[in-house]
Structures are given as C-alpha cells and as structure tokens.
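Q: pasting the sequence and the predicted model now:
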Amino acid sequence: MANNYYDATGVLMLERVTPVITALFGGFNLDESYPGNGQAYVARISESNDPQWSDVLENLTNLAAQLDLPSPDDEDSEAITMAAIIEALAKHFDADQDPKLRNLVEHHQFEDSADLEALLLIASCFNDGHNLAAIQFEGCWHCSKPRLFEFGGEGCFLSRELNLFSASSQALHLGLELRQAILAGDLDKAAARIAKETLSLLAGIDGEPLRDRLRRRVVEHLLSTSSSMAPI
C-alpha cells in the first residue's frame, strides 16, 4: 500500500507578527524569527500539521475574548460559527463593510483545511499592525512508492493586488497540447492555448481596469519584441 503526502513551506511578508497573525497562521508552524527581515516562516507538513478551519475558529474566538468583544453566542460557545466570529472582529477593526470580506463570509464553507487565500484576506481586514503584504508558499506532493505522476510541485504568490499559482503538472499538459497543435500545423490552436495561459495570468490581478491596461501593454510588447527579433 502506498501513502501520499503533501509538504509545503513559505513566508509571510509583513512588518511584525501580531495576535491576529498568530490566530490565523499559528497552525502553520509560524516562526517570526526565521528567516527574518520582514518575513516569517510558515509550513504545512504531512503527518505533522494540517491547519483546519476549526483550529482557526478556536484561535479567533480566543482573540475576540482577549479583545473583550462580546461573544456571538455567550450561552453556547460550540455554536459559534466562523462567519459570526469574523463579523464580530470585522466590526472591531472597522472592516464590516469590506466587500471582499463580506463576499467571503457569504460564500466560503470554512471546512477542512484552511486556505491561504482566505486567511490573507481576513488578515488584511484585521490589521492590528502586522501590515501583511503578501504570502509566498511552495509545496510538493510525493508518494511512498515511485508511482507515475505521483510527484510534483507547486507555488503561489498571494497579495491583495494579485494571486499567482503554478504547478509542475501545468508544464506537462501545456507542452503536450502545444506539441500536438504544432505537429498538426494548427497554429491557431497553438496561439489560442498560449493566449489562454496569458489570460489566466492576467486573471490573477485584482481590478478590471488594471487588467485591461496590462492586456494592451502585453500585446504591444509582444508585437514590438517580435518585430525586433532576428530570425533564428
């Protein structure tokens, strides 16, 4: 029987670790002293730590108590939901009208493993001096037996301005599709696939006006670069 694992490490890019950061990222083996210089270590290690939303809920509930905030349900602490505690803390941090946070509360299930995208958004709204700017996270999945395609890696860069993701499997799929299109002489299909990759990259940037301007600049750079390149 083979076992599959996923391990990842990364950094929080911030000014300092605060109670909010500890509550949200403490389950990620948070280490504010390493590597230092505005970065704090975080990790998700198989068979060691897999931060769950239930853990985050408990930590945020304790944080609310430390801030002397009224509990969403003083009679039954087990009935406190993630949405309720976020709303309580949002009022304290004057973030209860933030549209992205409200959308998160309305649509996120807050079940199983805690995801970094949601944690970043919550931290950004609950800024108690940490000034979290971005998260860099890189992970890999592996198997106890050398099975085909059971090994790979991925990375992400998350901030309020843009979210970028990449994985080793992406190169496998992209390469296969491009090769098939090229061998078939279907340059339109190959170009469409490349365009799709570019649009996916642009989609990670926050704000439609900015994406539109960048899209035009990318086209301009491609045209100017192709015209200046000598044939190989």
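A: Yep, it's here.
Q: list the contacts of the residue sitting nearest the centre point of the chain.
A: Nearest to the mean C-alpha position of the chain, by C-alpha atoms, centre = their mean, lies E117 at 3.6 Å. When contacts are counted by C-beta atoms under 8 Å, 6 or more residues apart in numbering, E117 touches L158, N163. Bear in mind the C-beta positions are built from the backbone N, C-alpha and C, glycine included.
Q: what ranges do the strands span in the chain?
A: Using DSSP state E, the strands found in the chain span residues 4-13, 31-35, 39-44, 134-143, 152-159, 163-167.
Q: show me how far the fifth one is from its chain's centre.
A: Taking C-alpha atoms, centre = their mean, to the nearest Å, the mean C-alpha location of strand 152-159 is offset from the chain mean by 8 Å.
Q: buried stuff in it?
A: G152, E154, G155, C156, F157, L158, S159 (16 or more other C-beta atoms under 10 Å).
Q: now do that strand: which elements does it pack against?
A: Strand 152-159 is packed against helix 116-125, strand 134-143, strand 163-167, helix 168-183, with contacts defined by 3 or more C-beta pairs under 8 Å, 6 or more residues apart in numbering; DSSP states H and E.
Q: got the angle between it and strand 4-13?
A: Taking axes from the mean of the first three to the mean of the last three C-alpha atoms, to 10 degrees, one finds that strand 152-159 is oriented at 30 degrees with respect to strand 4-13.
Q: quick check: neighbours of strand 152-159 in the sheet, parallel or antiparallel?
A: Sheet pairing for strand 152-159, assigned by DSSP bridges, gives strand 134-143 (antiparallel), strand 163-167 (antiparallel).
Q: any idea which of the ones you listed is most buried?
A: When neighbours are counted by mean count of other C-beta atoms under 10 Å, the highest per-stretch mean among the strands paired with strand 152-159 falls to strand 134-143, a mean of 17.
Q: give me the contacts around that strand.
A: Outside strand 134-143, the residues that touch it by C-beta under 8 Å, 6+ apart are 2-13, 42, 44, 116, 120, 150-159.
Q: can you list the buried residues in the helix or strand of the chain with the lowest mean pLDDT?
A: Sorted by mean pLDDT, DSSP states H and E, the helices and strands of the chain end with helix 208-228, the least confident at a mean of 87. By neighbour count, with 16+ other C-beta under 10 Å as the criterion, the buried positions of helix 208-228 are R211.
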